[in-house]
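In: take a look and give me a structure for this.
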Amino acid sequence: MADITPSEIERLQKSLQRLLGSSKLTVNPPLRKGMSVEIAVAGEVIGTVYRDEDDGEVSYAVNITVLEEDLPPA
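Out: Below is the predicted model of the structure:
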């Protein structure tokens, strides 16, 4: 997996904000080399983004984690 550039992070953030309908969503660069790019909503990290390049085509995988304790009661 390749590193995500600052330009890609900015473009991903705009795209995800539009697709998911939330201006509170941010795509945050890694704090240190080798760490994941994180997605947050209103400052709370909800997942990660990974970049993949295959035969010159670039794609991004978004992994969103929801903890059971954060779900409403059944």
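In: quick check: Ile9 is in a strand.
Out: No - membership of Ile9 in a strand is not supported by DSSP: H, G, I helix; E, B strand; the rest coil, which gives helix.
In: that one is in contact with Val37, isn't it?
Out: Yes - when contacts are counted by CB atoms under 8 Å, Ile9 is listed as touching Val37 (6.4 Å). From N, CA and C alone the C-beta is placed, and that goes for glycine too.
In: quick one: mean pLDDT for the longest strand anywhere in the chain?
Out: Longest strand in the chain by number of residues (criterion: DSSP state E): strand 44-54. For strand 44-54, mean pLDDT is 94.
In: that strand packs against which elements?
Out: Packed against strand 44-54, as judged by 3 or more CB pairs under 8 Å, 6 or more residues apart in numbering; DSSP states H and E, are the following elements: strand 37-41, strand 57-64.
In: at 10 Å instead, please
Out: Counting contacts by 3 or more CB pairs under 10 Å, 6 or more residues apart in numbering; DSSP states H and E, strand 44-54 packs against helix 6-20, strand 25-28, strand 37-41, strand 57-64.
In: turn these into a markdown table, including mean pLDDT, distance to Ala74 and mean neighbour count.
Out: Shown next, in a markdown table, are the helices and strands packed on strand 44-54 (pLDDT from 0 to 100; distance: least, CB to CB, whole Å; neighbours: other CB atoms under 10 Å):
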| stretch | mean pLDDT | distance to Ala74 | mean neighbour count |
| --- | --- | --- | --- |
| helix 6-20 | 96 | 25 | 14 |
| strand 25-28 | 97 | 27 | 18 |
| strand 37-41 | 96 | 24 | 17 |
| strand 57-64 | 95 | 21 | 11 |
